[in-house]
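Peer 1: sequence first, predicted coordinates after that:
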Amino acid sequence: QVQLQESGPGLVRPSETLSLNCTVSGYSITSGFYWGWIRQSPAKGLEWIASIALNGNSLYNPSLKNRVTLSEDTSKNQFSLTLRSATAADTAVYYCVRQVPGTLNFDPWGHGMLVTVSS
Amino acid sequence: EIVMTQSPGTLSVSPGERATLSCRASQSVNSNLAWYQHKSGHAPRLLIYGSSIRAAGIPRRFSGSGSGTEFTLTISSLQSEDFAVYYCQQYEDRLPFTFGGGTKVEIK
């Protein structure tokens, strides 16, 4: 059974960088699929951020593309999100997800992690 | 950006009754529509993709229909474990992938 688990700081200062990791168990991230991030806030609801495939193909939400970097660490079976110049508007629950290449839906999801941007 | 609108915002249903949830897209997404269930304290779960295809392990009481801009998720006989928030999501071939605002199904 594939499981995803988010980790990282729960508090980020404004203007700093938000960094999260997602550890995948039960499936190798090198075996295909996209691996991505979605966030949820009261103001914007569910918002897809970006997805990465290990063949080098990446998909980004145009509204966040300039601030987002995705990367992977195959030795740890992890992938990561970096969001630069964080503001209070980036406060949200962040989910890591597996995205199916053909149908592009998200399955499964991690449980989510609250990240607060505040001084 | 394709805007997804769900209705109603909250649906009050008695156990055993049918629930019908709607999702509308601001432009055609063909059949590139998924539904997710989210229970508090749990990870969201994929229910339906391709508008009408149940994901693995999803009970038959969940069914999806529609194409283009109008979609429906039907839960034929609500069980206690079905009370949750449901989201639709489009994945038509243009970015970004977008979600509806959700429908909360609560016990009447």
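Peer 2: Nice, I can see it.

Peer 1: need the nearest residue in space to B:Thr10, chain neighbours excluded.
Peer 2: With sequence-adjacent residues excluded and distances taken as Cβ to Cβ, 6 or more residues apart in numbering or on different chains, B:Thr10 is closest to B:Lys104, at 4.7 Å. Using the backbone N, CA and C atoms, a C-beta is placed for each residue, glycine as well.

Peer 1: looks like that neighbour contacts B:Leu11 (just checking).
Peer 2: Yes. In terms of Cβ atoms under 8 Å, B:Lys104 counts as a neighbour of B:Leu11; the distance is 7.1 Å.

Peer 1: just want to know which of those two has more residues nearby.
Peer 2: Ranked by neighbour count (other Cβ atoms under 10 Å in any protein chain shown), B:Lys104 and B:Leu11 place B:Leu11 first, with 19 against 14.

Peer 1: helix or strand for the more buried one, which one?
Peer 2: B:Leu11 is part of strand B:10-13, with elements assigned from DSSP states H and E.

Peer 1: could you point out which element follows that strand?
Peer 2: strand B:19-25.

Peer 1: near chain A at all, that next one?
Peer 2: No. Against chain A, strand B:19-25 shows no contacts by Cβ under 8 Å from any Cβ of the partner chain, the least distance being 12.9 Å.

Peer 1: and the contacts of the helix or strand just after that strand?
Peer 2: Where DSSP H and E defines the elements, the next helix or strand beyond strand B:19-25 is strand B:33-38. Applying Cβ atoms under 8 Å, 6 or more residues apart in numbering or on different chains, the contact partners of strand B:33-38 are A:103, A:105-106, B:23, B:25, B:44-51, B:62, B:64, B:66, B:71, B:73, B:82, B:84-91, B:102.

Peer 1: show me the contacts for the closest residue to A:Ile38 other than its chain neighbours.
Peer 2: Excluding the flanking residues, the one nearest A:Ile38 by Cβ to Cβ, 6+ apart is A:Tyr95, at 4.7 Å. A:Tyr95 sits next to A:Glu6, A:Trp37, A:Ile38, A:Arg39, A:Gln40, A:Trp109, A:Gly110, A:His111, A:Gly112, A:Met113, B:Ala43, B:Pro44 when contact means Cβ under 8 Å, 6+ apart.

Peer 1: A:Tyr95 sits in which helix or strand?
Peer 2: In this assignment (DSSP H and E), A:Tyr95 forms part of strand A:92-99.

Peer 1: convert that strand to PDB, retaining C-alpha atoms only.
Peer 2: Extracted in PDB, the C-alpha atoms of strand A:92-99 (Å, rounded to 0.1, in the frame of the first residue of the first chain):
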ATOM      1  CA  ALA A  92      -2.200  26.400   4.500                       C
ATOM      2  CA  VAL A  93      -2.300  22.700   5.000                       C
ATOM      3  CA  TYR A  94       0.100  21.200   2.500                       C
ATOM      4  CA  TYR A  95      -0.500  17.800   1.000                       C
ATOM      5  CA  CYS A  96       1.900  15.600  -1.000                       C
ATOM      6  CA  VAL A  97       0.300  13.400  -3.600                       C
ATOM      7  CA  ARG A  98       0.900  10.900  -6.300                       C
ATOM      8  CA  GLN A  99      -0.500  11.900  -9.700                       C
END
